[in-house]
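[1] structure, please.
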Amino acid sequence: MSRSHNYLAIDLGAESGRVILGQFDEGRLTLWEMHRFSNGPVRLAAQANACGEVSSTSKVVLQWDILRLWAEIKQGVALSANKWGKEILGIGIDTWGVDFGLLDRNGVLISNPYHYRDSRTDGMLDEAFRRVPRSEIFQHTGIQFMQLNSLYQLLAMVIDRSPALQHAETFLTIPDLLNYWLTGRAVCEFTNATTTQCYNPVLMDWDRSLLSRMGIPSHIFPEIVPPGTNLGKLLSYVTDETGLDSQAGLSVIAPASHDTGSAVAAVPAEKPGFLWISSGTWSVVGVEWPKPVIHSQSLVYNFTNEGGVFDTFRFSRNVMGLWLVQECRRTWASQGADLSYTELTQMADQTEPFQSVIDPDYAEFFKPGDMPVRIRDFCQRTGQIVPDNKAAVIRCVLESLALKYRWVLERLEEMVGQRLEPIHIIGGGTQNRKLNQFTADATGRRVVSGPVEATAIGNLLMQAIALGTIRTLQEGRLLVRDSFPPAVFEPTSQTGWEAAYQRMLDVMTYLVSAN
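    Residues are numbered from 1 along each chain as shown. I've put the predicted structure just below:
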């Protein structure tokens, strides 16, 4: 690279969004945060009584404030244009998966997209299985069963006879919707399309037969494009509002638009055969694999096959992740104890280890609410010591996450038939060094941690490959390792971890038998 090459990554997460400029120069990548903004669900009253009034007992829904996010994105692009202008070669967007917007026949968004934790999907798994057997859905899609998946959100709309669905002409996941507003091109990018559980990896297309059996109109699903697709130039109204001149050679690139897909692209691995953990609000634990793994064991273990870059799949499993800590912190802050994540982790480090364990994926932990009470109730229900203070609750969560990672690792090795090492932890959760060390200790494997901004970096790498700044993914991964040297955590004392792991297995067995 004889001169610097600049790209913009727009990275939206469940808690925040960022516009980050990446500068490739002389074999190094430098990041510049141009704009950061908050994100989160908005609660709305959605059901009036017979008199047309909204009362305290009215139904409340969770939605995304997508228009504010769009305004924040344009502000970030404008700030970037003011500083870098014609030196920006590309823009790429990544976000969380499963959620979507619906466009009418005029290409106008019909309503705010729903948040994946909205209660409309309660009971939808059972309803789906009444229409199509669970094993058949998995055979068609290879996707982990979670009530938040787009398939069950759409089924809920079918059951409710949603006017939005009845008038919809186009289905777009969140990054695809934002790309449509940037370029006018309405397509779905592959990695995010696979998260919906509406995609068939064998057919390599939307599974229109499955959709029809669910009563979901299949005509709304658009063309699927691979990561690295050049979507074209910015629309004129975007250039007018942001000052970014698309005539200067700038292109909008669809990276791996699912945030985990972008994060995995940025894993600074030296060779294949590693385990990756994308650590954040969710933890996703998996392996990069050349084809989907769809058989009886992956169904029993509820694993997923989501799209990756360059004709790979992310064979993985979602774990509830640092959402548990986030909700504990939010609850305590509402009670007057506004503690930072660092303070909570330091407190946990000073308390007694291995007092109790939880299954992070217990259904009651999924929705917003008083997480400390739920954790204590879980421990009481399973006959364990009940954590009676903040430090004990956080210690329980962090140890349990590390133990669940071990469970996923062992299942993955069983199904792919090889040892997976080292463990690469990427994303915002890498900043929790205690969890990194717990993971090394619980699994007995070396942990390589970083980069923190893996999602934005993977987004930038795919843009740079698409436009020829770098040649291959492996070249990009080595560049990431050189630019952001990782931290390494070696396994230390194994004392207590084996007994704690056996207790987690017992707890998981109890939960299955209790249900």
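[2] so where's the stretch 151-300 of the chain uncertain?
    Regions of the stretch 151-300 of the chain meeting the criterion pLDDT under 70 cover residues 246-248.
[3] what are the ranges of the helices in the stretch 351-500 of the chain?
    For the stretch 351-500 of the chain, the helices defined by DSSP state H, counting those that start in this stretch cover 371-381, 390-416, 433-443, 454-466, 473-483, 497-514.
[4] got these as a markdown table, with mean pLDDT, mean neighbour count and distance to Gln297 columns?
    C-betas here are computed from N, CA, C, even on glycine. Converted to a markdown table, the helices of the stretch 351-500 of the chain look like this (pLDDT from 0 to 100; neighbours: other CB atoms under 10 Å; distance: least, CB to CB, whole Å):
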| stretch | mean pLDDT | mean neighbour count | distance to Gln297 |
| --- | --- | --- | --- |
| helix 371-381 | 98 | 19 | 27 |
| helix 390-416 | 98 | 22 | 6 |
| helix 433-443 | 97 | 22 | 20 |
| helix 454-466 | 98 | 30 | 29 |
| helix 473-483 | 97 | 18 | 29 |
| helix 497-514 | 94 | 14 | 16 |
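[5] wait, which of these is closest to Pro175?
    Nearest to Pro175, of all these, is helix 454-466, at 10.0 Å by CB to CB.
[6] angle of that closest one against helix 473-483?
    Here helix 454-466 runs at an angle of 130 degrees relative to helix 473-483 (axes from the mean of the first three to the mean of the last three CA atoms, to 10 degrees).
[7] next one: helix 454-466 to chain centre, how far?
    Offset of helix 454-466 from its chain centre (CA atoms, centre = their mean, to the nearest Å): 16 Å.
[8] which other helices and strands contact it?
    Helices and strands touching helix 454-466, by 3 or more CB pairs under 8 Å, 6 or more residues apart in numbering; DSSP states H and E, are strand 5-12, strand 16-25, strand 28-38, strand 88-94, strand 251-254, helix 259-265, helix 473-483.
[9] cutoff 6 Å now
    In terms of contacts (3 or more CB pairs under 6 Å, 6 or more residues apart in numbering; DSSP states H and E), helix 454-466 is packed against strand 5-12, strand 16-25, strand 88-94, helix 259-265.
[10] tell me the buried residues in the last one?
    If I follow you right, that is helix 259-265. When neighbours are counted by 16 or more other CB atoms under 10 Å, the buried residues of helix 259-265 are found to be Asp259, Thr260, Gly261, Ser262, Ala263, Val264, Ala265.
[11] correct me, but the first one touches Gly97?
    Just to be clear, that refers to Asp259. No. Counting by CB atoms under 6 Å, Asp259 sits too far from Gly97 to count as a contact (7.6 Å).
[12] domain map for this structure?
    As recorded under automatic domain parsing, the domains making up the chain are 5-259, 323-402+496-514.
[13] quick one: the last one to chain centroid distance?
    Going back to what we said before, that points to domain 323-402+496-514. On CA atoms, centre = their mean, the centre of domain 323-402+496-514 falls 22 Å from the chain's centre.
[14] centre-most residue in this structure?
    Trp96 (4.5 Å; CA atoms, centre = their mean).
[15] so how far is Gly280 from it?
    Trp96 is 10 Å from Gly280, where distance means CB to CB, to the nearest Å.
[16] one step back: CSV please, covering the helices of the stretch 351-500 of the chain and showing distance to Gln197.
    Formatted as CSV, those follow (distance: least, CB to CB, whole Å):
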stretch, distance to Gln197
helix 371-381, 27
helix 390-416, 19
helix 433-443, 28
helix 454-466, 22
helix 473-483, 26
helix 497-514, 22
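[17] mind checking how far Thr495 is from Ser162?
    Distance of Thr495 to Ser162, given as CB to CB: 55 Å.
[18] and those two? Which one has more around it.
    In terms of neighbours (other CB atoms under 10 Å), Ser162 is the more surrounded of Thr495 and Ser162; the figures are 17 against 10.
[19] phi, psi of the nearest residue to Ile457 once chain neighbours are set aside?
    Of all residues not flanking Ile457 in the chain, Ala266 sits nearest, at 4.0 Å (CB to CB, 6 or more residues apart in numbering). Dihedral angles of Ala266 (phi, psi; degrees, to the nearest 10) stand at phi -90, psi 0.
[20] surely Ala266 touches Val480?
    Yes. Using CB under 6 Å, Ala266 is in contact with Val480, at 5.5 Å.
[21] overlap in contacts, the two.
    Shared contacts of Ala266 and Val480 (CB atoms under 6 Å, 6 or more residues apart in numbering): Ile457.
[22] confirm that Asp338 sits in a strand.
    No. Assessed with DSSP: H, G, I helix; E, B strand; the rest coil, Asp338 is coil; it does not lie in a strand.
[23] distance check, it against Thr331.
    Here Asp338 is placed at a distance of 11 Å from Thr331 (CB to CB).
[24] compare those two (neighbour count), which wins?
    Each of Asp338 and Thr331 has its neighbours counted (other CB under 10 Å); Thr331 has more, 18 against 11.
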